[in-house]
Structure formats: C-alpha cells, structure tokens
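Chemist: My questions concern the predicted model and sequence given below.
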Amino acid sequence: MTDRTLNDAYLSELRRWMKGHIERRKISLNAVAKGTDTGIATISRLMSDDNATLPSLPTIFALERFFGDKAPIFGGDFEYFSKDEAMPVPEKSAPHFDLHDGLALWKITSGALDSLGIHKGDFMVVDMNSRPTHNDIVLAEIKDWDRPEPYAIFRRYVASPVPMLIAAATKSDFPGQMLIDDRSISIAGTVVGTYKALR
C-alpha cells in the first residue's frame, strides 16, 4: 500500500468517525472548532473529501478530548511491521547478567535507534515496572489484530505535547511518530541500561 493510499484510507475513516459524533450530538463544525480550540478552516478541511493532508497529532488529541472517544489509528494494522524489532533474552541464555526483580534483558533487532548509538544486536536492560519520563528509551508493544502477540519495538518516548514514540534512525523506513493510545500502542517498560554486542 502506498503512502498516498494509506493516507486517503485513514482520512476517510477519520471523517466517518467525526461525522458520527457530529450527527449524534447534532452540532455544527463551528461548535467542533470552538470545543477543540482549532480553527474552523482546519475542521472544514478534515471533513472535506478533497482533503489529502493528515491532521497534526495535537489536533487528533483535541478531537479525542472533545468527543470523549479514541480516534481511528493511522495505519490500521500497522502494515509496516512484519516482525518484532526487539526480542527477549531468556534468563538461561544470559547467566552473566544480574537481573533483579522487574528487570528483563532484550535484544534490539532493528536500526530504529541507530542515530542514538544504539544498534541492531545491542542488549537493553528494561525495567518492566517503570514509567517513562520525557526522552527515555522504552520498550513498546504494537497490537495487530491479525496477530496473536503484539509486536515489540524500542523507541524514544516524547511526553509533550502528547505522548508519542519517535524513531531515531538514519534510514527513513521506520514510522517517525506514533501516538501512544494504550489500545494499539502501549509502553511495556523503560530502558535502564544498554550493553554493546561484541562485533
């Protein structure tokens, strides 16, 4: 699926979601713009079948707050994930690591963080009981409804203006920003240490 096709499919789904809420509440586009503190031009553009511009994440977040409902998820079933980008390392395979309660050892299997000096094959110590703070590296889970287990990935966590996962890759084949919505994307733990693989 091309980027344009994916964008059009998402915008169509977003329009249906907005239209459903607007019709149920019997409100105008002006009321939506006022309630979300968004310009009427932005709301009108989103509702137009001719629009090909994706909304910003703050606009999506404002619409979700106003409607009291989660917006459709960009990318649907996350077609750009074909395999996990992080693999757990069984304790029996890493006897030289002293992992205390709540800590787990994972191996990164992608280049999603290579511009931060974290490369494919490096090991990450993850605190599975820790909540992240701004700019932490996190282990996240991406649910795909066609797959029994979620995909595991490592990304940089950005807390503001809305919670997001950010790739820090030198190549552009990773999704750049993903909104954490706790339905399809959630944080499993925070990275508290890294070990370089012997090359």
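Modeler: Arrived safely, thanks for sending.
Chemist: Quick check: Ile185 touching Met164?
Modeler: No - here Ile185 does not reach Met164: they are 9.2 Å apart, not a contact under C-beta atoms under 8 Å. To be clear about C-beta, it is placed using only N, CA and C from the backbone, and glycine gets the same treatment.
Chemist: Neighbour count for these two, which is higher?
Modeler: Neighbour count, other C-beta atoms under 10 Å: between Ile185 and Met164, Ile185 has more, with 22 against 18.
Chemist: Describe which strands the helix or strand bottoming out on mean pLDDT in the chain pairs with in its sheet and in which direction.
Modeler: Scoring the helices and strands of the chain by mean pLDDT, DSSP states H and E places strand 177-179 at the bottom, with a mean of 79. Partners of strand 177-179 in the sheet, by DSSP bridges, are strand 164-166 (antiparallel).
Chemist: contacts for the strand it pairs with?
Modeler: 57, 138, 140, 153, 155-158, 176-180, 185 (C-beta atoms under 8 Å, 6 or more residues apart in numbering).
Chemist: Quick check: of these, which lies closest to Glu85?
Modeler: Comparing these against Glu85 with C-beta to C-beta places Ile153 closest, at 4.3 Å.
Chemist: Send over the particular helix or strand that has the closest one in it as PDB, restricted to the C-alpha atoms.
Modeler: Element membership for Ile153, per DSSP states H and E: strand 151-158. What follows is strand 151-158, C-alpha atoms only, in PDB (Å, rounded to 0.1, in the frame of the first residue of the first chain):
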ATOM      1  CA  TYR A 151       5.000  -6.500  18.100                       C
ATOM      2  CA  ALA A 152       7.800  -5.500  20.400                       C
ATOM      3  CA  ILE A 153       9.800  -2.400  19.400                       C
ATOM      4  CA  PHE A 154      12.300   0.100  21.000                       C
ATOM      5  CA  ARG A 155      11.600   3.800  20.600                       C
ATOM      6  CA  ARG A 156      12.400   7.200  22.200                       C
ATOM      7  CA  TYR A 157       9.500   8.400  24.400                       C
ATOM      8  CA  VAL A 158       8.400  12.000  24.000                       C
END
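Chemist: Quick check: neighbours of it in the sheet, parallel or antiparallel?
Modeler: With DSSP bridges as the test, strand 151-158 pairs up with strand 137-142 (antiparallel), strand 164-166 (antiparallel).
Chemist: Out of those strands, flag the one nearest Ala9.
Modeler: The closest of the strands paired with strand 151-158 to Ala9 is strand 137-142. By C-beta to C-beta, the value is 18.3 Å.
Chemist: pLDDT of the closest one, averaged?
Modeler: The average pLDDT within strand 137-142 is 93.
Chemist: Can you say which of the strands paired with strand 151-158 is packed in most?
Modeler: Ranked by mean neighbour count, the strands paired with strand 151-158 are led by strand 137-142 with a mean of 21 (mean count of other C-beta atoms under 10 Å).
Chemist: Would you list the phi and psi of Leu14?
Modeler: Per-residue torsions, Leu14: phi -60, psi -40 (degrees, to the nearest 10).
Chemist: ok, now Leu105?
Modeler: phi -100, psi 130.
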